[in-house]
Every structure is written in structure tokens, then in C-alpha cells.
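Novice: Next come a sequence and a model predicted from it.
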There are 4 protein chains.
Amino acid sequence: MPRPSNGDLRRAILDAARSALLEKGYTQLSLRPLARSVGCTATSIYLHFPNKDGLIHALIDEGMDLLHERLEAASSGVGDPEARVRALTRAYLDFGIEQSEYYEIMFMLHPERMERYPAEKYRKARRNLDLFAEALAGLTGRSVAELQLPATIIWSSLHGLVALLIARRIDIRLNRDALLDEAVEQAVRLAAGWRKPAAGPPPAATRPAP
Amino acid sequence: MPRPSNGDLRRAILDAARSALLEKGYTQLSLRPLARSVGCTATSIYLHFPNKDGLIHALIDEGMDLLHERLEAASSGVGDPEARVRALTRAYLDFGIEQSEYYEIMFMLHPERMERYPAEKYRKARRNLDLFAEALAGLTGRSVAELQLPATIIWSSLHGLVALLIARRIDIRLNRDALLDEAVEQAVRLAAGWRKPAAGPPPAATRPAP
Amino acid sequence: MPRPSNGDLRRAILDAARSALLEKGYTQLSLRPLARSVGCTATSIYLHFPNKDGLIHALIDEGMDLLHERLEAASSGVGDPEARVRALTRAYLDFGIEQSEYYEIMFMLHPERMERYPAEKYRKARRNLDLFAEALAGLTGRSVAELQLPATIIWSSLHGLVALLIARRIDIRLNRDALLDEAVEQAVRLAAGWRKPAAGPPPAATRPAP
Amino acid sequence: MPRPSNGDLRRAILDAARSALLEKGYTQLSLRPLARSVGCTATSIYLHFPNKDGLIHALIDEGMDLLHERLEAASSGVGDPEARVRALTRAYLDFGIEQSEYYEIMFMLHPERMERYPAEKYRKARRNLDLFAEALAGLTGRSVAELQLPATIIWSSLHGLVALLIARRIDIRLNRDALLDEAVEQAVRLAAGWRKPAAGPPPAATRPAP
DNA sequence: CATGAATGAGCTTTCATTCAT
DNA sequence: CATGAATGAAAGCTCATTCAT
């Protein structure tokens, strides 16, 4: 995969780094092989990024933006509240599987292992959580503020599936599509469980069944 | 932290490695600082483990056994099926949080990045999944065989929460205890959703509600 | 011995390695002391050679070329067949003694102990053997093809002397010049022994005297 | 090859070291693998030898004795002077090929690379050279004293062949037996060349042919 | 915008050797 | 006679990074 001669070297480096990251992981990604794979010298990388971490940060940024786009695109036109939640969860899982290179550096890296990481960047992740909270609000009739915890619960259940798939910890004999379908439906059921009670038993979220 | 002069060096190495792994990760864990922290030389590590990977494998083994003990201890005496599932999920989350050093090595390391990993060792992880499937069987009246997928769904939702907590990706303003309580209850609700229908609507596992 | 600041570092490394090899041998030659002796860091060596073996290979190459030059220079202008053989043998011995650093790397290192050795390089050694075979052809009236074995015999007898001298196994009370003179003359006599018989006894090469 | 339980550990170590030396060479021979191959611990080696070099020295001693036995056995009963020289050379080559493990440490190791080597031990090698000189004396009618140089010439030509064979520098397409036969006959011819002239042309050793 | 040369710190691993038992 | 535990030194090699050009 030779570097596009007239093209954007920064872009090429980012792309190569992204796929190398998936194979090697953050700490095993090294700049010289990376540079070789993209057809430039290691030194050139420093012309486009302050250092190795800066390169990763740029990728995380990109990934966060990409995920946001995907989630918005998937849910924007959907009117029905439940369908909206379903669309969001499905889009999240799809992103995690298709863009696992991004996903891993975005959500599976320890912040304390990346020195000099600007914590500010993680706030971009909040935007994505908010999309879930807003969809939940539409479905449950509750405020976004009081749905932070439920949204986190749903997000983490989706994250768990993606993370185990990426780490290859899921029994390969399970049908992956069935697994994803089921995960989506259960997430939707979970979401519906937080509906504001018109009349009837309070949802588990507020009070466990006696 | 001077080496316990009379003690078991192997034990001390394992303990030091476990906590070092949590803050450094696998590839950044290096043997010389590790040895220094435990009060021996790097060479001594090779008297007790064949190499760096062997050290990690020993930790994974220990962790798997420890988790199994915890899960069994938590659920063994519990008769009520729902309470049993609740106890299991709670024990799993507790393990992940209290023993996050073990947890990360066990479930958050990429197998392909650890060369020479004996695939056989991953089978120990299966035992733990089986505990969930068995508890589900008690609750739902289904066979363990047909509950592999639901058990995986529940496991992955628990894993997601633990993983995000360990990676410090959860908003710290959320009440952690409430989060865990909620996660447990939702897992139990999920589990109950797979109950074999006596008469009535088919469970979500086989066909989503229309 | 500070590094020649303006000069060719690669050249300096090769030179230092060549003499270090003579006193240390291949396996005891280590890169850090080598680098220190040449005034650079060990890492710098890897800028000029792929690895330790690559460095040695470069030396072997050089040595083979140098020997070839010497042999050709010594024999090129010599018309008389016997004088030609004499010049070749003398030049070979001289090379072995004067360039014993090269000689040892070229002929006294076990190939199986140098991993990753490109077998192709050994073909350069053949060129030198061919020079002997050709000179023998001129002297004996035989074809180069049927002189491979005699050429090898002569070569190995010269090699034996050089090797023992380098390894300091020859009694130091022997007059070295007399030894060399004698070796040359005996080699020439050997060579003459393979002369094609015009009429008379068959040469020893084809059938030992009864 | 497990260690003979009741047997001589020292003997087992020597045997294992001898064959390991051929594969690995002196500097790459390491004591722990050696100990493992013989079924004892590395520490045990130090009970029988002062250190690694001491082990090698013992082997060299053994080898020198063995070669001496072989040469004496081969030549002792032979009356005819020429046949005696032939038997000696043949025995030398055979030893070098069959006992190449011994041969290499005896003659192909640099003394200065083996620290603490007692130079005194090399004198054993002289005994073997003397056997050649004595046989030459029988053949040529000269004194042993004036045959030191010719004996060295013959020895070195034999050594050259053995050394190149051990180092695998000889073209494998050459017939090895023919090569050895030829080497023996040429050595005999060389030897005969030093015959004291009854009447006739002076031998090459004292004056080259005009 | 890009490079080649260079560096110092660091890595995992192996070595010969010692010592208390 | 033999061991297991331990060590300090050193090995080859790779790393992210810098600097003059």
C-alpha cells in the first residue's frame, strides 16, 4: 500500500496507524514500521503530529466524530421513540464492529496509560451518551437529567458486547447476527422499563421489586 | 517495599505483577522495574516463570479460579432462582471492581497480542459462563444448551460496566452504588425475560415482541 | 579512538569490527563495546547494517573481493604456467598472513553458527578456487573441470598453514619465512604432479603409484 | 539421553559437552542446557570442573591423548617407511573427520580466546607432530631435528583439509573419499620429496628446482 | 515538507558463577 | 555429591525522539 504520491501524508499516516493499532495495540504500535508502511520516514510523522500520543489523540477525535455522525444519521429521521432507541443501539453496535480499530482506541484504552492526554477530549464522548439519553427521554417521558444513569446502563451493556467481540472472548460457535439482534432487542426492552409509570407498578430502576 | 526475606518470592512477584499490570498494561509492564519493586533481580523472575508471558498466564489462571470461587460461593446456597441470578450478577460485578487487577488481565487483554498463549487456558473462562447459564436454566425452565446466547448477553452487559469503570470512562458524578444496583436489577429483569412461556407471548429471545 | 567526525561511520565500524573479530571471535564480538571503540552508540550500527550478522557478511564480502583482487593482481601478468601457480600460492599465503583479520572471518567461521547466512555469498569463494583451477589447467594441460579436486587439495594445504599460523599452533622456533617458502614450493610440486602424461607414468591424481 | 543413574557424572558431562561443542561452538556452549541434557544441574558441573574453561581443557586433553593413541595404533606395526607415513596421514584425516568434535576444540580454537588457558597443555600436541617427524625420518634418512619443518608442512596440509571439511567450505559435489585418498597420496609424495639424495637431484626442501 | 543520521534509555532474555543447604 | 535460589553483567535489538540539512 504505497503512499499516494501527491496526497495527504497526514491522512495516510492516520489511516495506517488506525489499522496498525488494531493489530498491535497502542503500546506495540511503533513509529518506524508505521512510517515504512506508509512510505515515509519516521521523522516525517513529527511534522504532522507532536508525538506518538498526539497521533493517537487525533485518531480518537476522528473516531468520536465518526461515531457521532453515525448515531445521528441512524436516528435523526426516526419518529417513533422505540424505533429511535433501536436504531441508536443498532448503529452503536455496528460502529463498534465495523470500526473496531477506532472503537478500541476510543473506549478500550486506559487514559492513565496515555501520558499527556488532554482529559478535555474525553468530553466528546459525552455527546454520544447524550444521544442515548435524549432517545430515552423520548421513550420514557423523563428528563435527560434523570436518565443519565439508565443511559449509562444501556451504553455499558452495548460496550460489553463490542469489547468482548473485539477481544475475541465470545464463543465463536454462537451466531453473531443472532447475538447482535438479541442485544438490540434487550436494550430496547431495558429502555422501555424506565417508562414513567402512568399507573401501575414502579419500574425496577427506581425501586427493586419487593 | 523490600522483599519479604523469608517468604515466597514467586508469590511476591505475582502480586507485584498484578498491580503493575493494572497501571501499566501488558506491554508496558517491564521485568526489571517489576523485579526491583519486589526486591529481587530480573533474572530471578526466570527461576519461577518461563518468561514474561508465563508470568501473565499464571495470573490469568489464578484470576479465573478466584472468580469461579467467588461466583460459586455467592450462588451455591441460594435456592430461589431469581435470587440466584441476582447473587451471581452481583458477585461478578463485585469481583470486577474489587479485583480489577485480575479482571483486566483476564478479560481485557487481547489474546493475539500475547504470543504463545495456550488457548487451552481460555476454557477456564467457559466454566464461569456456564454458571450463568445454569442459573438462567433454573429461572427460565430452559435447557443450558439453549441459554448460551442469553447467558452471553447478560455476561457481556456486566462486562461492559466493569470494563468502563476500570477504564474510567464512566461519568464520576454518577453514584457508583446506584449504578451497580441498577445494573444488577436490569440483568435480573433481562434474565426473567427468557422465561419459558406457560401460556402467553413468546419470549424475546426467540422472537422480538411485535 | 574517537570517531572520525567527518568520516564514514560505516567504514569505521567495519574496520573496528574486523580487528575486534580477530581477537574475540564471532560470538564474543559484542556491539556495544564495538560501538564504543568507534565512538558511536550501539544503535548507530543498526543504521548501517541490518544486524550483527549483516555486519559480518559485509566484511566477508569485502574480504572475498580483496582476496580476489590480490590473486588476480599477482598472477595476471605471469606467462609461465609454473610461475603462475607459484605466484598464486604465494599471494594466497601472503593474504592470509597480512589480512588475517579478513581471512579468519572468511574461512574459519562456521556457517551454521552464523544464522541467516546467505548461501549465495559463498559463491564468491568459488571464484577464488577457480583461479587456482585455471592456473593448474595452464600447467597440466587438463581441463578446469577435471582439476576441481586437485585445486581443492592445493587450496586446503595452503589453508592449513594459514589457519595454524593464525591460531598460533605452529612452533614459534620454526623460521616463518622458510616455512612459507617451502609451502609454496611444495604446492608447486604438487601441482606439477597432475601434469597430463605425454608418455610415462600416470599422475597420482588418477591412480596411485602401484 | 538420560544420565546413567549410577554412573560417572563427570564422564557424562564430558560426552555431552563434546557433542554440544560441535553444534554450538565454544562460545555458544552454555552450561545450563548442557546440564539439562545430561540430567543434572548446572551447579553440579562445578563439582567436577573448576569452570567452563576447565571443562574444555579436560576435553582437549582427552582429544590429544585419543589422537596420539590413534596415530600410534595405525603406524606402530608398519615396517615399510612409506606405508608408515601413509598410515599416519590416513589416521590423522580419519580422526579429524570421525572425531571432529574433539578436533575442533583441539586445533581450531584460538588460545587467546580461552582465558586462563594453561599454555602447557598445548605441548601435548607436539607429541603428535613428533610422530610425523619420526616417520619422515624413517622414510628420508634424515634426523628428526631437521625434519621439523617438513613435518609441519605435511601436518598443516592435512589440517587444512580437515578444517575446511569441518567448516563446510568444501564443495559438496566433490567426492569426499576421492578427496581424502588423493590428500593421503600427495602427502606421501611430499614426504618422499625430502629423501636424502643418495645421488641425484637435491630435494625441493633445500633448494627449489631451477 | 521531508530526510538521514544519531542518540540514550529501555526492552526481554541468557550467561557463568556462587552460596547456603 | 548434589541442589535450588539467586545474582550481576551482558547480550542483541527496538523504541520515541531530535537535529542539521
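Specialist: Okay, I see it. Numbers count the residues shown, from 1 in each chain, chains lettered A, B, ... in the order given.

Novice: which secondary structure elements does the helix or strand harbouring A:Lys124 contact?
Specialist: In this assignment (DSSP states H and E), A:Lys124 forms part of helix A:123-140. Applying 3 or more Cβ pairs under 8 Å, 6 or more residues apart in numbering or on different chains; DSSP states H and E, one finds that helix A:123-140 makes contact with helix A:52-75, helix A:81-98, helix A:148-166, helix A:176-193. (C-beta placed from N, C-alpha, C; glycine too.)

Novice: then that helix to PDB, C-alphas only?
Specialist: Taking C-alpha atoms only, helix A:123-140 is exported to PDB below (Å, rounded to 0.1, in the frame of the first residue of the first chain):
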ATOM      1  CA  ARG A 123     -15.900  15.100  26.800                       C
ATOM      2  CA  LYS A 124     -16.600  14.400  23.200                       C
ATOM      3  CA  ALA A 125     -17.700  11.000  24.400                       C
ATOM      4  CA  ARG A 126     -20.400  12.700  26.400                       C
ATOM      5  CA  ARG A 127     -22.100  13.900  23.300                       C
ATOM      6  CA  ASN A 128     -22.700  10.300  22.300                       C
ATOM      7  CA  LEU A 129     -24.000   9.300  25.600                       C
ATOM      8  CA  ASP A 130     -26.400  12.300  25.400                       C
ATOM      9  CA  LEU A 131     -27.800  11.000  22.200                       C
ATOM     10  CA  PHE A 132     -28.900   7.900  24.100                       C
ATOM     11  CA  ALA A 133     -30.300   9.900  27.000                       C
ATOM     12  CA  GLU A 134     -32.300  12.000  24.600                       C
ATOM     13  CA  ALA A 135     -33.700   9.000  22.900                       C
ATOM     14  CA  LEU A 136     -34.600   7.500  26.200                       C
ATOM     15  CA  ALA A 137     -36.300  10.700  27.200                       C
ATOM     16  CA  GLY A 138     -38.500  10.500  24.100                       C
ATOM     17  CA  LEU A 139     -39.400   6.900  25.000                       C
ATOM     18  CA  THR A 140     -39.900   7.300  28.700                       C
END
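
Novice: Show me how chain A divides into domains.
Specialist: Per automatic domain parsing, the domain ranges recorded for chain A read A:7-49, A:56-193.

Novice: Could you work out the end-to-end span of the longest one for me?
Specialist: Going back to what we said before, that points to domain A:56-193. Terminal residues of domain A:56-193 lie 38 Å apart, using Cα to Cα, to the nearest Å.

Novice: okay if I get the helices and strands packed on helix A:123-140 as JSON lines plus mean pLDDT, distance to chain D and mean neighbour count?
Specialist: JSON lines is the format used below for the helices and strands packed on helix A:123-140 (pLDDT from 0 to 100; distance: least, Cβ to the nearest Cβ, whole Å; neighbours: other Cβ atoms under 10 Å in any protein chain shown):
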{"stretch": "helix A:52-75", "mean pLDDT": "92", "distance to chain D": "37", "mean neighbour count": "18"}
{"stretch": "helix A:81-98", "mean pLDDT": "97", "distance to chain D": "47", "mean neighbour count": "20"}
{"stretch": "helix A:148-166", "mean pLDDT": "96", "distance to chain D": "41", "mean neighbour count": "24"}
{"stretch": "helix A:176-193", "mean pLDDT": "96", "distance to chain D": "47", "mean neighbour count": "19"}
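
Novice: Quick one: residues contacting the closest residue to chain C within chain A.
Specialist: Across chain A, the shortest distance to chain C (Cβ to the nearest Cβ) belongs to A:Arg32, at 10.9 Å. Going by Cβ atoms under 8 Å, 6 or more residues apart in numbering or on different chains, A:Arg32 touches A:Ala42.

Novice: ok, now how distant is it from C:Tyr46?
Specialist: Separation of A:Arg32 from C:Tyr46 (Cβ to Cβ, to the nearest Å) stands at 11 Å.

Novice: same deal with A:Leu109?
Specialist: For A:Leu109, the distance to C:Tyr46 - Cβ to Cβ - is 30 Å.

Novice: try A:Pro33
Specialist: Distance of A:Pro33 to C:Tyr46, given as Cβ to Cβ: 14 Å.

Novice: rewinding a little: any idea of the mean pLDDT for the helix holding A:Lys124?
Specialist: Helix A:123-140 comes out with an average pLDDT of 91.

Novice: What angle do helix A:148-166 and that helix make with each other?
Specialist: 120 degrees (axes from the mean of the first three to the mean of the last three Cα atoms, to 10 degrees).

Novice: which of the residues in helix A:123-140 are buried?
Specialist: A:124-125, A:128-129, A:131-140 (16 or more other Cβ atoms under 10 Å in any protein chain shown).

Novice: cool, stretch A:103-111 as well?
Specialist: For stretch A:103-111, burial by neighbour count (16+ other Cβ under 10 Å) applies to A:103-110.

Novice: Tell me which residue is most central in chain A.
Specialist: Nearest to the mean C-alpha position of chain A, by Cα atoms, centre = their mean, lies A:Tyr103 at 5.0 Å.

Novice: who's in contact with that residue?
Specialist: By Cβ under 8 Å, 6+ apart, the contact list for A:Tyr103 reads A:63, A:95-96, A:162, A:166.

Novice: What strand or helix carries it?
Specialist: For A:Tyr103, the element it lies in under DSSP H and E is helix A:100-107.

Novice: can I get the domains of chain A in a markdown table with distance to D:Leu59?
Specialist: Listed next are the domains of chain A as a markdown table, based on distance: least, Cβ to Cβ, whole Å:
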| stretch | distance to D:Leu59 |
| --- | --- |
| domain A:7-49 | 45 |
| domain A:56-193 | 52 |
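
Novice: nearest to DNA strand E, of the ones you listed?
Specialist: Minimum separation from DNA strand E across these (Cβ to the nearest atom of the strand) falls at domain A:7-49, 3.3 Å.

Novice: do that closest one and DNA strand E meet?
Specialist: Yes - applying Cβ under 7 Å from any atom of the strand, one finds domain A:7-49 in contact with DNA strand E at A:9, A:40-44, A:46-48.
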